[in-house]
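J.: Take this sequence and fold it.
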Amino acid sequence: MMTQLDTETRSSKGRKKKRMWREIEAVKDKYQLRKELQDMDMFHDYELSSIDL
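T.: Below you'll find the model as predicted:
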């Protein structure tokens, strides 16, 4: 039988996992954007820290 604590623990784990995947997707998006910008302007060096999504 599930208790209230088990339910809360499971839901918080799910939220952490979803947040982690959102962060991973954001990093992938930055790398993709940097690659696309470099393809357009080969003489400019783009840093990930300067790219805001």
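J.: Could you report the distance from E23 to K17?
T.: In this view, E23 and K17 are 11 Å apart by Cβ to Cβ, to the nearest Å. For glycine as for every other residue, the C-beta is placed from the backbone atoms N, C-alpha and C.
J.: cool, I24 as well?
T.: Counting by Cβ to Cβ, the gap from I24 to K17 is 11 Å.
J.: Could I get the pLDDT score of M42?
T.: pLDDT, M42: 65.
J.: in what helix or strand does Q32 lie?
T.: helix 4-40 (DSSP states H and E).
J.: in that helix, what's buried?
T.: 30, 34 (16 or more other Cβ atoms under 10 Å).
J.: Output the below-cut-off pLDDT ranges for this protein.
T.: Of all residues in the chain, those with pLDDT under 70 make up the ranges 1-11, 42-53.
J.: What are the contacting residues of stretch 13-24?
T.: Stretch 13-24 has contacts (Cβ atoms under 8 Å, 6 or more residues apart in numbering) with no other residue.
J.: CA atoms only for it - export them in CSV, please.
T.: Provided in CSV are the C-alpha atoms of stretch 13-24 (Å, rounded to 0.1, in the frame of the first residue of the first chain):
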residue,chain,number,x,y,z
LYS,A,13,11.7,12.4,-8.6
GLY,A,14,9.7,12.8,-11.8
ARG,A,15,10.0,16.6,-11.6
LYS,A,16,13.7,16.4,-11.1
LYS,A,17,14.1,14.1,-14.1
LYS,A,18,12.0,16.3,-16.3
ARG,A,19,13.9,19.4,-15.2
MET,A,20,17.2,17.6,-15.9
TRP,A,21,16.0,16.8,-19.4
ARG,A,22,14.9,20.3,-20.0
GLU,A,23,18.4,21.5,-19.0
ILE,A,24,20.0,19.0,-21.3
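J.: start at 50 instead
T.: Fine by me, first position is 50 from now on; the one you just mentioned is stretch 62-73.
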